[in-house]
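Colleague: All I have is the shape, not the residue letters:
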């Protein structure tokens, strides 16, 4: 099955259009393949057995998340640097967390009061594991006001685009997906911003939505494919549709789910997990230069990374000359 | 114990829930009760003066699979959206089941509105019985209340879609009372609970909902709930099956409950209580009298 990426037109989606694209008319939904999930699980277990066998006996369960997959496939050294460093809030992380809770609030109640205030309250009540509320409180007034205006713009876009969702669609927010493998030594996990539809055995019925407050990135599709794989393994039925909603401009990328999507995700998970296992077992991290090198915390100690950033700087200078 | 369910899962899980149970005689249960009584009485005698022990599923799991954590001080309980999602979610499922609400989301809204009403009445001195989370919930700002609603809605929706509720024989008890079984001296108490209870062919069936994914100790936790229910109510309430659901992982575990299963559960309880008694004795010097596990 070929993958079709449906992209919203540049103009803002109407809320009816958004719903139609998320839910479809029901007739196009694929028939659930009852053997797919079991086959995928066996495939993962068999392919990863050797890698898991190399993990130290006392190692805690290895958690495989979308962030770990993206980072380790980009550069193993960058992944290790990120894993070992304390996670510090940044303006981008703060904006993403604030927009996520506002989206959840809108889907749950259809009401947003003062966006930054509401979002901070929600984060604090929810435990705020990333320390975003404290980060925002510590911002100087100018940056805090800028963030408030930005978050308010995202909230306005969300409230203009998203109508209230019918309870019959079983909307659930921040739904956790967990797939233990290899007797629990590996755990694939993710948290879905919004899931619609109850799992069904007849025709695929679940739609998964991710909300992004930043600009489009190529890995966003991979993130959703990973969630499609998790949902398939968890519920036994693949979702029928994946969507990324960009709250800055109100665009919606919608992708139907076929077997090729979950197979692609599976290969990506295998590749990433084999690398993760190898690193946990103590192997040297491969260094793979990329545009992200300039933001890497271990750039000073990385020859390939320094070379990459130097070349990029020369190219940039040449362009201006 | 593991179960590979066919699709749709809610129908397959319900099939398992309604399946026949192993026989369990009153005599067998009486023998089991004597075994638990005598074993726990010996352990209760070892407890330091003034100390009580309540063994629940959490403490059973700690004793069986995480003994290294048992010496740590208990974390003080504080309400949170995550901690009250079960209570709110179960009340919401109950409303759905009684056709008072069409789906989990509006049912959660109604439950929370009811809690708020009760908390307000209590606050103004009127007689009311409010759920344990209501006063905390009432004190939250509106955006904080939304987090509670969202967490409970997701939890309730997962349970609501996990079973084919229309096929369950009435009455279906959602939430309901926990099972508390005391030694006659009241120094050791067993505390079991289940999210859903139904009766099938004269035996009860318990449904337990777990967070995350099943662990090594999960089977023990399931049969522990069955044992406590059997000790509390005898053959009348002794479960015939226990079904464990882990919605986040899509995992299901089913344990048919016969006398051998309960006997194994009794051994695990005695072992877990013995471990806890040892811990309490070791902590005696650092824990204030009456504090800790009572």
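Modeller: Okay, I see it. Model, not experiment: these values are computed from the prediction.
Colleague: Every contact and neighbour count from this point should use C-alpha atoms.
Modeller: Noted.
Colleague: Output the set of residues of the stretch 1-150 of chain A in proximity to chain B.
Modeller: When proximity is defined as Cα under 8 Å from any Cα of the partner chain, the stretch 1-150 of chain A approaches chain B at A:34, A:104, A:105, A:108, A:109, A:118, A:119, A:121, A:122, A:125, A:126.
Colleague: Now do the strands in the stretch 51-200 of chain A.
Modeller: Taking DSSP state E, counting those that start in this stretch to define them, one finds strands in the stretch 51-200 of chain A at A:62-64, A:172-181, A:186-196.
Colleague: returning to what we had before: among the residues of the stretch 1-150 of chain A next to chain B, which one has the lowest pLDDT?
Modeller: Here the lowest pLDDT out of the residues of the stretch 1-150 of chain A next to chain B sits on residue A:34, with 86.
Colleague: What does that residue show for phi and psi?
Modeller: phi -70, psi -20 (degrees, to the nearest 10).
Colleague: My read is that it contacts residue A:238, right?
Modeller: No. Residue A:34 is beyond contact range of residue A:238, at 9.6 Å (criterion: Cα atoms under 8 Å).
Colleague: follow-up on the earlier one: any chance of the residues of the stretch 1-150 of chain A next to chain B in CSV, plus neighbour count?
Modeller: What follows is the residues of the stretch 1-150 of chain A next to chain B, written out as CSV (neighbours: other Cα atoms under 10 Å in any protein chain shown):
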residue, neighbour count
A:34, 16
A:104, 22
A:105, 24
A:108, 24
A:109, 16
A:118, 20
A:119, 27
A:121, 23
A:122, 27
A:125, 21
A:126, 17
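Colleague: Show me these that map onto helices.
Modeller: Counted as lying in helices by DSSP state H, out of the residues of the stretch 1-150 of chain A next to chain B, are A:104, A:105, A:108, A:109, A:118, A:119, A:121, A:122, A:125.
Colleague: which element is residue A:263 on?
Modeller: Here residue A:263, judged by DSSP states H and E, is contained in helix A:259-280.
Colleague: Show me what that helix is packed against.
Modeller: helix A:36-53, helix A:66-74, helix A:219-235 (3 or more Cα pairs under 8 Å, 6 or more residues apart in numbering or on different chains; DSSP states H and E).
Colleague: Could you find the residue nearest the spatial middle of the chain?
Modeller: As the question left the chain open, I've gone with chain A. Compute the mean C-alpha point of chain A, and by Cα atoms, centre = their mean the closest residue is residue A:223, 4.5 Å away.
Colleague: wrong one, chain B
Modeller: Geometric centre of chain B, nearest residue: residue B:193, 2.7 Å, by Cα atoms, centre = their mean.
Colleague: Residue B:248: helix or strand, and which one exactly?
Modeller: Going by DSSP H and E, residue B:248 is not in any helix or strand.
Colleague: Need the per-residue pLDDT for it.
Modeller: At residue B:248, the predicted lDDT confidence score is 95.
Colleague: Double-check it against residue A:178; I have them as touching.
Modeller: Yes. With contact defined as Cα under 8 Å, residue B:248 reaches residue A:178; the gap is 5.6 Å.
Colleague: Give the buried residues for stretch A:145-165.
Modeller: A:147-148, A:150-159, A:161-163, A:165 (16 or more other Cα atoms under 10 Å in any protein chain shown).
Colleague: Could you pick out which of those residues are located in helices?
Modeller: Using DSSP H, the subset of the buried residues of stretch A:145-165 located in helices is A:147-148, A:150-159, A:161.
Colleague: Using TSV, lay out these together with pLDDT.
Modeller: Shown next, in TSV, are those (pLDDT from 0 to 100):
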residue	pLDDT
A:147	95
A:148	96
A:150	96
A:151	97
A:152	97
A:153	97
A:154	97
A:155	97
A:156	96
A:157	95
A:158	95
A:159	94
A:161	93
